[in-house]
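*Asks:* sequence below, structure please.
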Amino acid sequence: MSVRRIRTGLTGAVVAAAVVATAFVTPAAARDTTGHDRTQEAIEAAVKAGVPGVVAQARDDDGSWTGTAGVANLKTGREREAPDRYRVGSITKTFVATVLLQLQAEGKLDLDDTVDQWLPGVIRGNGNDGRRITVRQLLNHTSGIYSYTEDADFLKSVFGDGFFKHRYDTWTPGQLVKTAMRHKPDFAPGTSWNYSNTNFIVAGMVIEKATGRSYGKEIERRIIKPLGLRATTVPGTDARMPRPTGRAYSKLSPDLNAKVHDVTELNPSAAGAAGEMISNSSDLQRFYRALLGGRLLPDKQLKEMTTTVAVGDEFPEGRYGLGLMQLKLKCGKEVWGHGGGIHGSSSEALVTRDADHSLAFNFNGDWSGDSGAVIEAEFCD
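*Replies:* Residues are numbered from 1 along each chain as shown. Have a look, this model is predicted:
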């Protein structure tokens, strides 16, 4: 969820370029020489295009590599650092989907249950009907439910001129869903595909109803603690960022000439189960490697998660599973993962299907940079 990813949130999205004069590029002498030079060049190009700073990490058969470029703080000029934590936005969705698939494996729910079985009357009005929508359709974005982040009033309050007035406001899942229910569905359930953040707000509510605990507590109990993800948190309503972290920058406007704002602190409940989590590149790689490597789900559930649907003619190289994106690169390689954006933070985390090669990185600005070029450089070198 972000200014630039509101409509898609898809891996490999490219945003328009702009220049931030105070950013700088890592000197060539500091580059790694273990086979990731093209990836380093791609993150340096993102900084030249206007991203304040980038941090990236990759793992393959040759070991682990870390690359940085630009700055973590425009005021002090502090460089990006490898352990920097950042808001991961819609990468949260893969964690949520993993919990629901675990619950299915335990017999506590079925992905073909209707939403209304778990949340009676919540999805209702303006043609919306939770009795016709399944949990599976929430996870693969075929429900047809309107995305609350497209609502004009919400956009103005959260992403636009109202950000500084409302940055610390708390939004409940019920409020976010009601915002979506003011709109008609995008299409009848199961007949098309459209990325909707509302789907995962509702998915988080289903987890709470099925377990008696919040989706965040279930992620902590089932994923974060077992995998030892020390930099990964589900902040809830806490507006602060844990250290170490860089700052997050946004123009809060589609105008690329607009002023750059520090938007690091915000109450992430506006994103909730659709995109509130915080992590770092090391933890994200560990999570996706464990997931695709079969450590978090039984084979049956992992197969369901990686069963994909087409996402439309505008993105023919991508398909969507259950909270998981499949991306076919120009060189023919296939990677799995998710992208995520939220105010001032644009992130990607991907892994090959055999879980042997992974990449995670973050731009600490949301108006510029070519994330697709970084992905292609790493996996197609």
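*Asks:* residues making contact with stretch 246-260?
*Replies:* 3, 16-18, 20, 52-53, 55, 71-74, 78, 80-81, 84, 86-87, 159-161, 163, 261-264, 343-345, 364-368 (Cβ atoms under 8 Å, 6 or more residues apart in numbering). Heads up, the C-betas are built off the backbone N, CA and C, glycines and all.
*Asks:* and the residues you listed, which are buried?
*Replies:* 3, 17-18, 20, 52-53, 55, 71-74, 80, 84, 86-87, 159, 163, 261, 263-264, 343-345, 364-368 (16 or more other Cβ atoms under 10 Å).
*Asks:* so which of these sit within helices?
*Replies:* residue 163 (DSSP state H).
*Asks:* among the buried ones among the contacts of stretch 246-260, which are located in strands?
*Replies:* 53, 55, 86, 87, 261, 345 (DSSP state E).
*Asks:* which residues of the stretch 1-150 of the chain fall in helices?
*Replies:* 37-48, 92-105, 115-118, 135-139 (DSSP state H, counting those that start in this stretch).
*Asks:* ok, and what's touching the third one?
*Replies:* With Cβ under 8 Å, 6+ apart as the contact definition, helix 115-118 has outside contacts at 109, 122-123, 129-131, 133-135, 138, 143, 202, 205-206, 209-210.
*Asks:* which intervals of the stretch 1-150 of the chain have sub-threshold pLDDT?
*Replies:* For the stretch 1-150 of the chain, residues meeting the criterion pLDDT under 70 lie at 1-34.
*Asks:* who's in contact with residue 326?
*Replies:* By Cβ under 8 Å, 6+ apart, the neighbours of residue 326 are 306, 308, 318, 319, 320, 334, 335, 336.
*Asks:* and it, what element?
*Replies:* strand 325-328 (DSSP states H and E).
*Asks:* neighbours of residue 259, just the number please.
*Replies:* Using other Cβ atoms under 10 Å, residue 259 is surrounded by 8 other residues.
*Asks:* now swap in residue 164 and tell me
*Replies:* Counted with other Cβ under 10 Å, residue 164 comes out at 11.
*Asks:* tell me how far it lies from residue 88.
*Replies:* 23 Å (Cβ to Cβ, to the nearest Å).
*Asks:* do residue 204 as well
*Replies:* 15 Å.
*Asks:* which one of those two is surrounded by more residues?
*Replies:* Legend: neighbour count by other Cβ under 10 Å for residue 204 and residue 88, higher for residue 88 (32 against 26).
*Asks:* need the phi and psi values for that one.
*Replies:* Here is the backbone geometry of residue 88 (degrees, to the nearest 10): phi -100, psi 0.
*Asks:* so what strands line up beside the helix or strand hosting residue 348?
*Replies:* If you go by DSSP H and E, residue 348 is part of strand 345-352. Strand pairing for strand 345-352, using DSSP bridges, gives strand 334-342 (antiparallel), strand 358-363 (antiparallel).
*Asks:* quick check: which of these is buried the most?
*Replies:* strand 358-363 (a mean of 29; mean count of other Cβ atoms under 10 Å).
*Asks:* average pLDDT for that one?
*Replies:* Averaging pLDDT along strand 358-363 gives 98.
*Asks:* for stretch 299-316, same thing?
*Replies:* 94.
*Asks:* gap between it and the chain center?
*Replies:* 17 Å (Cα atoms, centre = their mean, to the nearest Å).
*Asks:* only C-alpha atoms, please: export it in PDB.
*Replies:* Taking Å, rounded to 0.1, in the frame of the first residue of the first chain, the C-alpha atoms of stretch 299-316 are listed here in PDB:
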ATOM      1  CA  ASP A 299       3.200 -29.800   0.500                       C
ATOM      2  CA  LYS A 300      -0.600 -29.600  -0.100                       C
ATOM      3  CA  GLN A 301      -0.900 -26.100   1.200                       C
ATOM      4  CA  LEU A 302       2.200 -24.900  -0.500                       C
ATOM      5  CA  LYS A 303       0.900 -26.300  -3.800                       C
ATOM      6  CA  GLU A 304      -2.400 -24.300  -3.200                       C
ATOM      7  CA  MET A 305      -0.400 -21.200  -2.400                       C
ATOM      8  CA  THR A 306       1.600 -21.400  -5.700                       C
ATOM      9  CA  THR A 307      -1.500 -22.100  -7.800                       C
ATOM     10  CA  THR A 308      -1.900 -18.900  -9.700                       C
ATOM     11  CA  VAL A 309      -4.400 -16.800 -11.600                       C
ATOM     12  CA  ALA A 310      -3.700 -14.300 -14.400                       C
ATOM     13  CA  VAL A 311      -3.500 -10.700 -13.200                       C
ATOM     14  CA  GLY A 312      -4.500  -9.000 -16.500                       C
ATOM     15  CA  ASP A 313      -3.100  -7.900 -19.800                       C
ATOM     16  CA  GLU A 314      -1.300  -4.900 -18.200                       C
ATOM     17  CA  PHE A 315       1.100  -7.300 -16.400                       C
ATOM     18  CA  PRO A 316       1.500 -10.400 -18.600                       C
END
